[in-house]
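Student: With the sequence up front, the predicted model follows.
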Amino acid sequence: MPPTEKTQKKKRPSFFEKMKRLQQEYLRKDFIVSLIVDPKYFWLSAIVFLLAEIVVNILIIQRVKYTEIDWVAYMQEVEGVVNGTWDYTKLRGDTGPLVYPAGFVYLFMGLYHLTNTGTNIRLAQYIFAVFYIITLMLVFRMFHKSRKLPPYMLIFVCCTSYRVHSIFVLRLFNDPVAMMLLYAAMNLFIDGYWSLGSLIYSLAVSIKMNILLFAPALLLAYVHCLGLMGTLKQLVICAAVQLALGAPFLLANPVGYVKMSFDIGRVFLFEWTVNWRFLPEEIFVNPWFHALLLLIHVALLIIFAMTHWNRYLANFATIQSIGIDADMGCQLFILPMFVSNLIGMAASRSLHYQFYIWYFHTLPYMLWSTRFSLMFRVLVLGVIELCWNTYPSTWWSSALLHCCHLTILAGILYNRPTDKRTERLKRALEKKD
């Protein structure tokens, strides 16, 4: 027999070898599908997307022109403190007076020194790129622990939003730093480190006051998980952080510091609003309109607290106390926090373009907490992205943004919690006893 024929016979697989290969091929395909849709493999996809984001941020910093908006003003404001001015009413920049709490001053004072008095913009951009990656890591960790979201959902929080990348590495706003600290605090809360979480949460508030939009759900979580005395302890921690950070400014001019850094009555400029462009300017600045929005805000918080959050957080407290299914149980904490923030944004007196980062990473989680179809969820995310990238805002972009906010809230409200999880928890407690 010629050698070539021998070789051909040896290479020809038997029937059983063919079946084994087919089985292996099937398993490989099944594994690939699992990598895309199975929440248990979320961490693996998260690593891939994190690496991709590192590359994307470097490319943006190197190839996209930096646009100055607030960085110089930030540096001017903290330079006043560097030069010995502790009276908040005397700290100003090109865009106006300093209107953020003391944590902002310390953060950007550090950046002021690191970037050669704010002149090394490229270094500042890379620092904010690090903030961006840390933020993603914190968000991904929560999503992975919740075991709620499919890995393919990551495409909607990575690489796809020009506006979000711009807020971090092309604009250098304080908003993303505040959100990074907020997500760090949430990770600590779901792991049961309440006091440390409260400290970090209060630090986030000291960077920008929008973090208080999460406070209603967090307060309920304190009460359910820690009781009244435990809640009081956490509130004392939060207050102590604010007092410690603000002490030099409070000693210099307490009224001026509180008025400038925690001014909830500030009137925003109509030309920058993203969410109320369809209204006449006289209505936009009318105090009665602001009062109406506050009533809507409070009403929505009460509705969700009564229909969803009390049950969610009571079950979350039970899960934390017995340690059963603790990872999946964090869903019961994450969703109320995200919805509390969304309610605040939906009823906000004005949203500016950098405020997109306040809820960008939370939107997929909230949409995947509804019963909407996959196509409809993707559509809502796409429309929201379109609204935030329409500059200047128009009547239709503002109206569409409100429609999307109300759609998400209605979808979550409709998907009410049932007694099934409560019954499972009761059985788990009985089994443990």
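Tutor: Sure, I can see it. Numbering: from 1, shown residues only.
Student: residues near residue 336, how many?
Tutor: When neighbours are defined as other CB atoms under 10 Å, residue 336 has 25 of them. To be clear about C-beta, it is placed using only N, CA and C from the backbone, and glycine gets the same treatment.
Student: do the one 3 residues further on as well
Tutor: Neighbour count for residue 339, taken as other CB under 10 Å: 27.
Student: SS state for residue 49?
Tutor: For residue 49, the assignment made with DSSP: H, G, I helix; E, B strand; the rest coil gives helix.
Student: quick one: it and residue 159 touch, right?
Tutor: Yes: using CB atoms under 8 Å, residue 49 is in contact with residue 159, at 7.3 Å.
Student: List the residues that contact residue 162.
Tutor: Taking CB atoms under 8 Å, 6 or more residues apart in numbering, we find residue 162 in contact with residue 389.
Student: Next up, phi/psi of it, please.
Tutor: With angles defined as degrees, to the nearest 10, residue 162 shows backbone torsions of phi -60, psi -40.
Student: From residue 273, how far off is it?
Tutor: Applying CB to CB, to the nearest Å, the value for residue 162 to residue 273 is 21 Å.
Student: Quick one: the helices in the stretch 101-250 of the chain, in order.
Tutor: Listed in chain order, the helices found in the stretch 101-250 of the chain under DSSP state H, counting those that start in this stretch are 102-114, 121-146, 162-165, 175-190, 194-207, 215-252.
Student: any idea which of the ones you listed scores lowest on pLDDT?
Tutor: Ranked by mean pLDDT, these end with helix 162-165 in last place, scoring a mean of 91.
Student: Which positions in that helix come out as buried?
Tutor: Residues of helix 162-165 classed as buried by neighbour count (16 or more other CB atoms under 10 Å): 163, 164, 165.
Student: Would you mind writing the CA trace of that helix as PDB?
Tutor: Output for helix 162-165, consisting of C-alpha atoms alone and laid out as PDB, is shown next (Å, rounded to 0.1, in the frame of the first residue of the first chain):
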ATOM      1  CA  TYR A 162     -19.400  59.900  22.900                       C
ATOM      2  CA  ARG A 163     -21.000  62.300  25.400                       C
ATOM      3  CA  VAL A 164     -19.900  60.200  28.400                       C
ATOM      4  CA  HIS A 165     -16.300  59.900  27.300                       C
END
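Student: before we move on, the earlier item: could the helices of the stretch 101-250 of the chain be laid out in CSV, adding distance to residue 262?
Tutor: What follows is the helices of the stretch 101-250 of the chain, written out as CSV (distance: least, CB to CB, whole Å):
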stretch, distance to residue 262
helix 102-114, 11
helix 121-146, 24
helix 162-165, 27
helix 175-190, 14
helix 194-207, 9
helix 215-252, 9
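Student: hey, which of these is tucked in deepest?
Tutor: For the helices of the stretch 101-250 of the chain, average neighbour numbers computed from mean count of other CB atoms under 10 Å are highest in helix 175-190, which has a mean of 24.
Student: which strands and helices sit next to that one?
Tutor: Where contact means 3 or more CB pairs under 8 Å, 6 or more residues apart in numbering; DSSP states H and E, helix 175-190 is packed against helix 121-146, helix 194-207, helix 331-346.
Student: Now do the longest one: which elements does it pack against?
Tutor: Think helix 121-146. In this structure, helix 121-146 packs against helix 42-63, helix 102-114, helix 175-190, helix 326-329, helix 331-346, with contacts taken as 3+ CB pairs under 8 Å, 6+ apart.
Student: between those, which one is nearest to residue 245?
Tutor: Evaluated with CB to CB, the helices and strands packed on helix 121-146 place helix 102-114 nearest to residue 245, the distance being 4.1 Å.
Student: So what touches that closest one?
Tutor: For helix 102-114, contacts defined as CB under 8 Å, 6+ apart pick out 74-75, 77-79, 81-82, 91, 98, 118, 120, 123-124, 127, 174, 177, 203-208, 242, 245-246, 248-249, 257, 261.
Student: Show me which residues of stretch 278-298 are buried.
Tutor: Taking 16+ other CB under 10 Å as the neighbour-count basis, stretch 278-298 is seen to contain the buried residues 278, 279, 284, 285, 293, 297.
Student: Looking at the residues you listed, which one is closest to residue 133?
Tutor: When those are ranked by distance to residue 133 (CB to CB), residue 297 comes first, at 33.0 Å.
Student: Listing request: residues of the stretch 251-400 of the chain with sub-threshold pLDDT.
Tutor: Low-confidence regions of the stretch 251-400 of the chain, defined here as pLDDT under 70, cover residues 265, 323-327.
Student: show me where it has helices.
Tutor: With DSSP H, counting those that start in this stretch applied, the stretch 251-400 of the chain shows helices at 254-261, 281-284, 287-304, 310-322, 326-329, 331-346, 363-367, 374-388, 395-414, listed in chain order.
Student: Give the buried residues for the fourth one.
Tutor: Right, the one you point to is helix 310-322. Of the residues in helix 310-322, those buried by neighbour count under the rule 16+ other CB under 10 Å are 310, 311, 312, 313, 314, 315, 316, 317, 318, 319, 320, 322.
Student: rewinding a little: now the helices and strands packed on helix 175-190 in TSV, with distance to residue 230?
Tutor: Rendered in TSV, the data for the helices and strands packed on helix 175-190 read as follows (distance: least, CB to CB, whole Å):
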stretch	distance to residue 230
helix 121-146	22
helix 194-207	7
helix 331-346	15
